[in-house]
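**Q** Sharing a model prediction with you, sequence too.
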Amino acid sequence: MKKYFLFYMLITFLMNISINAQTGKNSRFFIMCTASGDTSAKYAGSYERTMAYYLVKMFPCVKATTEGDIRTMLGREKLKQILDGNIKMRSFCEYLACDYFINLEISDFLSDQVVVSASCLYYKKVDPMIRFASHGGRNYADIKNMVSEVSKTLVEKLAKYEICPFKGTINVAIISDKDTTMTETYSVYCNNSDQTYRKEEITKNHTESTWNLEKKNRNWTDGDMHFYSEESYTLSEENGCYKCKSGREGGRIDKEKRSYKVNGKGLSHQSIRDGKEQLDTRSELIFYDNQTYSLKVQGTSLPANADEEIEISAEGTCDNIPNENKTIKQEVTVPLSFVFGPFKGSAIDKVLSHKDTIKRKDPVSGEDVTISYEFNLKRD
């Protein structure tokens, strides 16, 4: 029980160090092997080194540190203190910091069997990303093959994750237009005669936005954006049997016009991390088991101030409104939220790139949208 308590204490310690450490260029792995049984104990160090070898071979950006490496450094530090007489011990925290933790286990099983297993944890998630195990005989050849098989399989399964960050440019240009006219007409009756009710609404929207982004790391996207937006709305309502407050009915025409134009630029900094504002822009590569991937891009512009001009009038039997003009201050923001793909490619490719133009109708707003995008991402 004590062994497992210390194991989880070490995991917690490693994760806390990683969270507080600054994000570096390399993806950092810490590898620790727990052995149970006299036969298995002989292979714990070799198991750690084998896993580290396959990791670095598959992902050149990876920095892998094993529990054995720490023991070796501690031994050298002890020897140095004995020789130099310096009792001040240097910090090893930088070697413990990790983005991923690999837990290896090798255990004697029954009288002639050995079980070899491995699991990988990402420090932001509690559940293991990957888990794999194998079992076989206790002889040297069988154990060597199992250690190699489990290590290689786990690393191959990691290939669906962005272990080595892709960096590069992501450019998106969006043009959206809406030009709709909605009419409603029906007969009404008042004052012993047939009248007509007619309503017409005209909406015109046009927005252009250009997003020039740069993916700088796995979870960090910077850049800039510009947008232009204009909107107009016209309402005309003719009611031959408008009911006045007095109860009298008669003809009345209501008119309303609304419009604004605005230019804006810049990316929103609404999110807070470590007490500091950061860009809301995100770009995420999603890899699938069938050797394809998608690119998810999200962001929000900084708000831009717009003067919305409003003109209202009403003329008829009663409740007349002379031309009334007013201006309302508005804040306009433009969102970015698209998933591009899937495309052929994987996390171990050196370059991921694509260019295309998509035309579609937004199912919510009814706008006609043209999206042109191009990205060119290279792996470290």
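**A** That came in fine, so what should we check first?
**Q** Could you tell me which ranges of the stretch 151-300 of the chain sit under the pLDDT cut-off?
**A** Where the stretch 151-300 of the chain drops to pLDDT under 70, the residues are 271-279.
**Q** same thing but 80
**A** Scanning the stretch 151-300 of the chain for pLDDT under 80 picks out 219, 269-280.
**Q** Mind giving me the packing neighbours of the host helix or strand of Ser119?
**A** Using DSSP states H and E, Ser119 sits within strand 113-122. For strand 113-122, the packing partners by 3 or more CB pairs under 8 Å, 6 or more residues apart in numbering; DSSP states H and E come out as strand 100-109, strand 130-137, helix 140-157. C-beta coordinates here come from the backbone N, C-alpha and C atoms, glycine included.
**Q** tell me which residues in the shortest one are buried?
**A** So that's strand 130-137. Within strand 130-137, the residues that count as buried by 16 or more other CB atoms under 10 Å are Ile130, Phe132, Ser134, Gly136.
**Q** Dump the residues you listed to TSV, plus distance to Asp84 and pLDDT.
**A** Supplementary listing: those in TSV, determined by distance: CB to CB, whole Å; pLDDT from 0 to 100:
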residue	distance to Asp84	pLDDT
Ile130	44	81
Phe132	45	83
Ser134	46	86
Gly136	47	83
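**Q** Looking at those, which is nearest Asn325?
**A** Using CB to CB, Ile130 comes nearest to Asn325 of the buried residues of strand 130-137, at 65.2 Å.
**Q** any idea how far Arg138 is from Asp38?
**A** Separation of Asp38 from Arg138 (CB to CB, to the nearest Å): 10 Å.
**Q** nearest to Lys167, of the helices and strands packed on strand 113-122?
**A** Closest among the helices and strands packed on strand 113-122, using CB to CB: strand 100-109, at 19.2 Å.
**Q** hmm, who's touching the closest one?
**A** The contact list for strand 100-109 (CB atoms under 8 Å, 6 or more residues apart in numbering) reads 7, 11, 14-15, 27-40, 43-44, 47-48, 51, 114-123, 129, 135, 138, 143, 147, 154, 163.
**Q** Could you do stretch 134-145 as well?
**A** 39, 43, 46, 106, 108-109, 112-117, 146, 149-150.
**Q** gap between the nearest residue to Leu285 once chain neighbours are set aside and Tyr233?
**A** Distance criterion CB to CB, 6 or more residues apart in numbering; nearest residue to Leu285, sequence neighbours excluded, is Glu162 at 5.2 Å. Distance, Glu162 to Tyr233, using CB to CB: 44 Å.
**Q** thinking again about what came up before, highest mean neighbour count out of the helices and strands packed on strand 113-122?
**A** strand 100-109 (a mean of 21; mean count of other CB atoms under 10 Å).
**Q** Give me the sheet partners of it and which way each runs.
**A** If you go by DSSP bridges, strand 100-109 pairs up with strand 27-36 (parallel), strand 113-122 (antiparallel).
**Q** most packed of those strands?
**A** Mean neighbour counts for those (mean count of other CB under 10 Å) peak at strand 27-36, with a mean of 22.
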